[in-house]
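Participant: need the 3D shape of this:
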Amino acid sequence: MIQIFTDGASRGNPGPGGYGVVLKSGPHYKELSEGFSLTTNNRMELLAVIRGIEAVKRKNAEICVYSDSSYVCDAVNKGWLFGWEKKNFAKKMNPDLWREFLVLYRKHKVKFVWIKGHAGHPENERCDKLAVEAALRPDLPPDIGYQSILESNPDSSATVQTLLP
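Facilitator: Numbering: from 1, shown residues only. Okay, the predicted model is just below:
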């Protein structure tokens with residue numbers, strides 16, 4: 001079983017943001033992080049999961065993702081995501097990332113476990129630190145997916161967090 005711990009952060013929502021990932025499998029340990037100049041916390045939470053699963057090289061791997069994001073965990077565990085997909089993500093945020101996630105998700109056996117954030121869980125705390133540090137880096141690149149949302153709907157930044165299930 002490969003364990004993936006994830007967290008996302010944004011300084012403002014939207015604002016500069018980042019994600020952190022810790023991967024563990026037996027004696028193997030890897031950390032990933034990246035930041036963006038303008039994004040949202042939910043995008044960073046989901047991107048952390050995507051980048052974590054992407055890092056798994058073994059095909060059809062058994063993966064357990066630990067996340068403090070209800071947005072991500074509930075979308076998968078409660079089946080909302082598959083309904084959104086059937087409706088081509090109409091009126092849902094982050095369709096670019098959800099589509100990318102689904103391709104990776106279907107290559108493995110992935111389960112999600114929600115964990116409480118900022119509750120002293122060592123890997124979650126480490127992911128949080130990685131995410132915050134990534135969001136604070138100088139000269140952050142743009143989040144191209146988020147930029148395209150803003151360009152197609154200039155009023156979307158005000159409603160970006162209100163379009164949950």
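
Participant: tell me the contacts of the residue most central in space within the chain?
Facilitator: Centroid check for the chain by CA atoms, centre = their mean gives L46 as the closest residue, at 1.7 Å. Residues near L46 by CB atoms under 8 Å, 6 or more residues apart in numbering: 8, 69, 71-72, 94, 97-98, 101. Glycine gets a C-beta too; all of them are placed from N, C-alpha and C.

Participant: how far away is the residue lying farthest from the centre of the chain from G20?
Facilitator: Going by CA atoms, centre = their mean, the residue of the chain most distant from its centre is P27, 24.8 Å out. As judged by CB to CB, to the nearest Å, P27 and G20 stand 21 Å apart.

Participant: low pLDDT regions in the chain?
Facilitator: 154-165 (pLDDT under 70).

Participant: can you give me the strands in it?
Facilitator: Here the chain has its strands, by DSSP state E, at 2-10, 15-25, 28-39, 62-67, 109-114.

Participant: redo the ones you listed as CSV? Include mean neighbour count and distance to L140.
Facilitator: Below are those laid out as CSV (neighbours: other CB atoms under 10 Å; distance: least, CB to CB, whole Å):
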stretch, mean neighbour count, distance to L140
strand 2-10, 26, 11
strand 15-25, 24, 6
strand 28-39, 19, 4
strand 62-67, 20, 23
strand 109-114, 15, 28
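
Participant: which stretch among those comes nearest F89?
Facilitator: The closest of the strands of the chain to F89 is strand 28-39. By CB to CB, the value is 18.0 Å.

Participant: okay, the closest one in CSV with CA atoms only?
Facilitator: Only the C-alpha atoms of strand 28-39 are listed here, as CSV (Å, rounded to 0.1, in the frame of the first residue of the first chain):
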residue,chain,number,x,y,z
HIS,A,28,10.6,4.9,0.5
TYR,A,29,9.7,8.5,1.3
LYS,A,30,9.3,11.5,-1.1
GLU,A,31,8.1,15.1,-0.7
LEU,A,32,6.6,17.3,-3.4
SER,A,33,5.5,20.9,-3.4
GLU,A,34,4.8,23.7,-5.8
GLY,A,35,3.3,27.2,-5.7
PHE,A,36,1.3,29.5,-7.9
SER,A,37,0.8,33.2,-8.0
LEU,A,38,-3.0,33.2,-8.1
THR,A,39,-5.2,30.2,-7.2
